[in-house]
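> have a look at this prediction, sequence included:
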Amino acid sequence: MMIKTTGTVLISVLGSLSALANNLPTKPDTQVEVIEVTTSKPLTLLREQYEAATFAVFDTFNTLVGDSDLHYVCEKKKRPNSRLTYTVCQNAFEIRIRNTLFKQKMVSNRSNSFMERASLAQASAEMGTAEIGELEKLKATLVYELAQKNSVFKEALVNLNAAKRKYEEAHVATYGELSSFTSENEPSEK
């Protein structure tokens, strides 16, 4: 018995709604308020697009270059005493050279305490060598040649530059003089 009552109520409600819809005026209301909404992409979205374009350039470069020592190596790291992670990308040759220097200094200074050896090894590894400078020049030349010859790599670089420009312009628009990109976008005053 209860089912029939619910069905009857539902039909009567639908009937009254359709009758109400039929009674609506057909001519447009002249007192309609127009609300215009302007939006912009959030700064975090633009930063994520810039980071994605950067990783796309790295991936394209790694795909096109056969020498694994020249590849970009990206790894996630965790901030000390935090759950937050960040991504660090380095040259594979730089990682290899710094690790080699660190190990050499750790082994060569056996007379000192462990902490002194670790400190010396870390300092030596951070300084690097002339080999890192030479390999960075070689890599810069290789990037330039790839940009000239390979359309896929050139497109990835163009997308990276466009994403970087959009992010920096939005950052300046959001933070004004406090933006870290203000001095780069405005001509210097003399």
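Nice, thanks for sending it over.
> so where's the longest helix in this protein?
Among the segments of the chain that qualify as a helix by DSSP state H, the longest is helix 151-175.
> show me what it is in contact with.
Taking Cβ atoms under 8 Å, 6 or more residues apart in numbering as the criterion, the residues outside helix 151-175 that touch it are 40-41, 43, 46-47, 49-50, 52-54, 56-57, 60-61, 64, 146-148, 179-182, 184-185. The C-beta positions use only the backbone N, C-alpha and C, and glycine is treated the same way.
> again, 7 Å this time
43, 46-47, 49-50, 53-54, 56-57, 60-61, 64, 146-147, 179, 181-182, 185 (Cβ atoms under 7 Å, 6 or more residues apart in numbering).
> mind checking which of the residues you listed are in helices?
Using DSSP H, the contacts of helix 151-175 in helices are 43, 46-47, 49-50, 53-54, 56-57, 60-61, 64, 146-147, 182, 185.
> what's the most distant pair in these?
The distance between the two most remote of these (Cβ to Cβ) is 35.7 Å, for Leu64 and Thr182.
> and the pLDDT for the closest residue to Thr60 other than its chain neighbours?
Excluding its sequence neighbours, the residue lying closest to Thr60 (Cβ to Cβ, 6 or more residues apart in numbering) is Ala156, at 4.6 Å. Per-residue pLDDT puts Ala156 at 94.
> got it, and the one 4 residues further on?
Reported pLDDT at Leu160 in the predicted model: 94.
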